[in-house]
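K.L.:
Predicted model and sequence follow; I will ask about them next.
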Amino acid sequence: MTSRHFSIETIGIVGTGAMGRGIAQIAALAGLKVRLYDTNPSAIGAARDYLAETFARLTAKGKLDQARSLAALANVSGAHAISELVDCDLVIEAIVEKLDVKQALFRELETVVSGRCVLASNTSSLSITAIAAACSDPSRVVGYHFFNPVPLMKVVEVIDGLRSDPAVGDALMDLARRMGHTPVRAKDMPGFIVNHAGRGMNTEGLRVAGEGVASFADIDRIMREQAGFRLGPFELLDLTALDVSHPVMESIYHQFYEEPRFTPSPITGTRLAGGLIGRKTGEGFYRYVDGKQQVPAEAPAPTELPKSVWVSKRYPQAHEAVVKLIGETSGVTLDDGAVPAADSLIVVTPFGHDATTAAVDEALDATRVVAIDALFPLVGAQRHTLMTTPATRRVARDAAHALFASGGVPVTVIRDSTGFVAQRVVATIVNIGCDIAQKQIATPDDIDLAVTLGLGYPRGPLALGDALGATTILTILRNMFSVLGDPRYRPSPWLARRAQLGLSLTQRDAADIQPETQP
């Protein structure tokens, strides 16, 4: 690049699908001139008509005044040949996710635009460095990854390729703010920040379902009501649609050379092949009637309470929480003996272990053992999760269900699982977030910001780990790894070191954030 100062006033957008239209909408409203180009000429007119209808609808709802609506629409014009992008300061491609097609477009754009024009890709999973490799000047090529629907998803990832000029990324960070979006900066790695971090929820949710631990609906209920997420993994997959999310899962897995943390599930491959894609086709993990999700009803809770309950003291804080919950909701007699009485229900509170391992480790009668997930606060909870050993008798299971439902809180009973559902999904989310920080793909602040805005999580992965306790997350992962021997659960060094030192997961290395003092 001959100049390191970028004034961006005219934007070309190649590709007029949902992403291209969304980017055009926020750019035009920000006062930028927008030129739309598509290889299908009729798509250009359709996109402008769509924007006209959108601006009119926003005006009718009082969200946009008439003058601004007309000005925004006037900012949008069509380019019926790629040569008409000649005077653009920035061209953003939003076309098919195929590397060779994007490379060919960027080569063609270089013959059209001026040397000061920035070239940006809206790719969600392809390497910016690889796209830029097709260009004679890769320094002006960056990633500019928006999320659908663009006007509502207020985050954009700015991705630096290996040869990108940092000043180009800086200019796009400023432009994002001008368009009302929050920019985050990432290195060129598979999945960048958001799609990388998103592997925790979806792949682990699929893993839980694949082990026969719980139904799709029950896993979603647990993640929403116990863990506090807006959507469970299968609701999220139905929303994004498997024709989009399954290829991304496979792409990220292969780009990381079969990293076990990102292993896809045959569940999504089979359902994609069968056309059970999601909400947009009327059937995915759920059926949709007139756009409304059909959720199977939960069976009523049993009502016969146990005569007495013995609660494991293996984890003292969890023991206290369970005892307090029982005292506040049921009035059932507590068995406080060193070992459980012969007729007591046995409640254990494992972190990362399954109920079977907890029963064996504590030399308990597995036929009476039921585990409760105590990772999140039990008093005031919106849902409790219980799990049984393969030997747990029905009478013990039903008594535990009745006990923990007696305060009016719904209860989900699952089959034995290392880490229940919420523990293992949340620990995986935190662990992958920590690994993104460890690899310096993005700063801790940008990781949490990108995930909360891009995925709608209640907290970013690092802040979530801090809220639950880094040592607790580390315990869950280590215990899961000890039982399963699966490297997907190996703790990130970022997590392990900070947990052992009592540091926040959002904290960078001290040497990076404070100057060294001279002796």
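P.N.:
Now that the structure is in, tell me what you want to look at. Numbering: from 1, shown residues only.
K.L.:
Backbone dihedrals for Val76, please?
P.N.:
Here is the backbone geometry of Val76 (degrees, to the nearest 10): phi -100, psi 130.
K.L.:
Which pLDDT value belongs to it?
P.N.:
The per-residue pLDDT reported for Val76 equals 97.
K.L.:
now Gly212
P.N.:
Confidence at Gly212, expressed as pLDDT, is 97.
K.L.:
give the contact list for the closest residue in space to it that isn't next to it in sequence.
P.N.:
Nearest residue to Gly212, sequence neighbours excluded (Cβ to Cβ, 6 or more residues apart in numbering): Arg415, at 6.2 Å. Backbone N, C-alpha and C define where each C-beta goes, glycine included. Going by Cβ atoms under 8 Å, 6 or more residues apart in numbering, Arg415 touches 212-214, 387-388.
K.L.:
and if you look at Ala72?
P.N.:
25, 28-29, 51, 55, 64.
K.L.:
picking that back up, export the contacts of Arg415 as JSON lines, with columns for distance to Asp160.
P.N.:
Converted to JSON lines, these look like this (distance: Cβ to Cβ, whole Å):
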{"residue": "Gly212", "distance to Asp160": "43"}
{"residue": "Val213", "distance to Asp160": "40"}
{"residue": "Ala214", "distance to Asp160": "41"}
{"residue": "Met387", "distance to Asp160": "45"}
{"residue": "Thr388", "distance to Asp160": "50"}
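K.L.:
for the stretch 1-150 of the chain, which spans come out with low pLDDT?
P.N.:
Within the stretch 1-150 of the chain, the set of residues satisfying pLDDT under 70 comprises 1-4.
K.L.:
what about the helices in it?
P.N.:
For the stretch 1-150 of the chain, the helices defined by DSSP state H, counting those that start in this stretch cover 18-29, 41-60, 66-74, 99-110, 128-132.
K.L.:
again, but for the stretch 201-350 of the chain
P.N.:
Using DSSP H, counting those that start in this stretch, helices in the stretch 201-350 of the chain cover 216-221, 233-240, 242-255, 266-273, 316-329.
K.L.:
between the ones you listed, which one is nearest to Ile513?
P.N.:
For these, proximity to Ile513 was assessed by Cβ to Cβ; helix 242-255 is nearest, at 29.9 Å.
K.L.:
in that closest one, what counts as buried?
P.N.:
Buried residues in helix 242-255, counted by 16 or more other Cβ atoms under 10 Å: 242, 244-246, 248-249, 251-253, 255.
K.L.:
again, but for stretch 197-217
P.N.:
Those buried within stretch 197-217 under the rule 16+ other Cβ under 10 Å are 197-209, 213-214, 216-217.
K.L.:
and what of stretch 80-95?
P.N.:
Quick answer for stretch 80-95 (16+ other Cβ under 10 Å): 82, 85, 88-95.
K.L.:
now it, how far from the centre of its chain.
P.N.:
What separates the centre of stretch 80-95 from the centre of its chain is 32 Å, taken as Cα atoms, centre = their mean, to the nearest Å.
K.L.:
Repeat that for stretch 301-309.
P.N.:
That offset, for stretch 301-309, works out to 38 Å (Cα atoms, centre = their mean).
K.L.:
Contacts for it next, please.
P.N.:
Taking Cβ under 8 Å, 6+ apart as the rule, stretch 301-309 contacts 326, 330, 332-335, 341, 343-345, 347, 396, 398-403, 405-406, 410-411.
K.L.:
can you rerun that using 7 Å?
P.N.:
Stretch 301-309 is contacted from outside by 326, 330, 332-335, 341, 343-345, 347, 398-399, 401-403, 405-406, 411, using Cβ atoms under 7 Å, 6 or more residues apart in numbering.
K.L.:
which residues of the stretch 351-500 of the chain fall in helices?
P.N.:
With DSSP H, counting those that start in this stretch as the criterion, the stretch 351-500 of the chain has helices spanning 355-361, 394-405, 422-438, 444-455, 461-468, 470-484, 493-501.
K.L.:
Turn those into a markdown table, columns for mean neighbour count.
P.N.:
Formatted as a markdown table, the helices of the stretch 351-500 of the chain follow (neighbours: other Cβ atoms under 10 Å):
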| stretch | mean neighbour count |
| --- | --- |
| helix 355-361 | 21 |
| helix 394-405 | 21 |
| helix 422-438 | 26 |
| helix 444-455 | 23 |
| helix 461-468 | 23 |
| helix 470-484 | 21 |
| helix 493-501 | 18 |
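K.L.:
any chance of these in TSV, with mean pLDDT too?
P.N.:
Converted to TSV, those look like this (pLDDT from 0 to 100):
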stretch	mean pLDDT
helix 355-361	98
helix 394-405	98
helix 422-438	98
helix 444-455	97
helix 461-468	98
helix 470-484	98
helix 493-501	98
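K.L.:
nearest to Gln293, of those helices?
P.N.:
Closest approach to Gln293 among those is made by helix 444-455 (19.3 Å; Cβ to Cβ).
K.L.:
For the closest one, list the C-alpha coordinates in CSV.
P.N.:
The C-alpha trace of helix 444-455 is given here as CSV (Å, rounded to 0.1, in the frame of the first residue of the first chain):
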residue,chain,number,x,y,z
PRO,A,444,-9.3,-11.8,26.8
ASP,A,445,-11.5,-8.7,26.7
ASP,A,446,-12.3,-9.2,23.0
ILE,A,447,-12.9,-13.0,23.5
ASP,A,448,-15.6,-12.3,26.1
LEU,A,449,-17.0,-9.3,24.1
ALA,A,450,-17.2,-11.3,20.9
VAL,A,451,-18.9,-14.3,22.5
THR,A,452,-21.5,-12.3,24.5
LEU,A,453,-22.5,-10.2,21.4
GLY,A,454,-22.0,-12.9,18.8
LEU,A,455,-23.4,-15.9,20.6
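K.L.:
and it with helix 461-468, angle?
P.N.:
Here helix 444-455 runs at an angle of 100 degrees relative to helix 461-468 (axes from the mean of the first three to the mean of the last three Cα atoms, to 10 degrees).
K.L.:
who touches helix 444-455?
P.N.:
With Cβ under 7 Å, 6+ apart as the contact definition, helix 444-455 has outside contacts at 147, 153-155, 157, 182, 184-185, 193-194, 197-198, 433, 436-437, 457, 459-463, 506, 508.
K.L.:
Point out the ones among those residues that are inside strands.
P.N.:
If you go by DSSP state E, the contacts of helix 444-455 have 155, 157, 182, 184-185 in strands.
K.L.:
of those residues, closest to Pro260?
P.N.:
Glu157 (24.9 Å).
K.L.:
how many neighbours does the nearest residue to that closest one once chain neighbours are set aside have?
P.N.:
Counting by Cβ to Cβ, 6+ apart, Glu157 lies nearest to His145, which is 4.1 Å off, once chain neighbours are set aside. A total of 26 residues lie near His145 under the criterion other Cβ atoms under 10 Å.
K.L.:
and His145, how far is that from Pro183?
P.N.:
Distance of His145 to Pro183, given as Cβ to Cβ, to the nearest Å: 10 Å.
K.L.:
what does Pro350 give?
P.N.:
According to Cβ to Cβ, Pro350 stands 42 Å off from Pro183.
K.L.:
who has more neighbours, those two?
P.N.:
Neighbour tally, Pro350 and Pro183, criterion other Cβ under 10 Å: the higher count belongs to Pro350, 30 against 21.
K.L.:
Ala358 is in contact with the more buried one, correct?
P.N.:
Yes. Taking contacts as Cβ atoms under 7 Å, Pro350 lies within contact range of Ala358: 4.2 Å.
K.L.:
hey, what's in contact with both of these two?
P.N.:
Joint contacts of Pro350 and Ala358 (Cβ under 7 Å, 6+ apart) are Ala371.
K.L.:
Any idea how many residues pack against the closest residue to Leu99 other than its chain neighbours?
P.N.:
Nearest non-adjacent residue to Leu99, counting by Cβ to Cβ, 6+ apart: Leu126, 5.4 Å away. When neighbours are defined as other Cβ under 10 Å, Leu126 has 19 of them.
K.L.:
For Met189, see how far away Leu126 is.
P.N.:
Distance from Leu126 to Met189, by Cβ to Cβ: 12 Å.
K.L.:
Please apply the same query to Ser312.
P.N.:
From Ser312 to Met189 the distance is 42 Å (Cβ to Cβ).
K.L.:
Quick check on these two: which one has the bigger neighbour count.
P.N.:
Applying other Cβ under 10 Å to Ser312 and Met189 shows that Ser312 carries more neighbours, namely 23 against 20.
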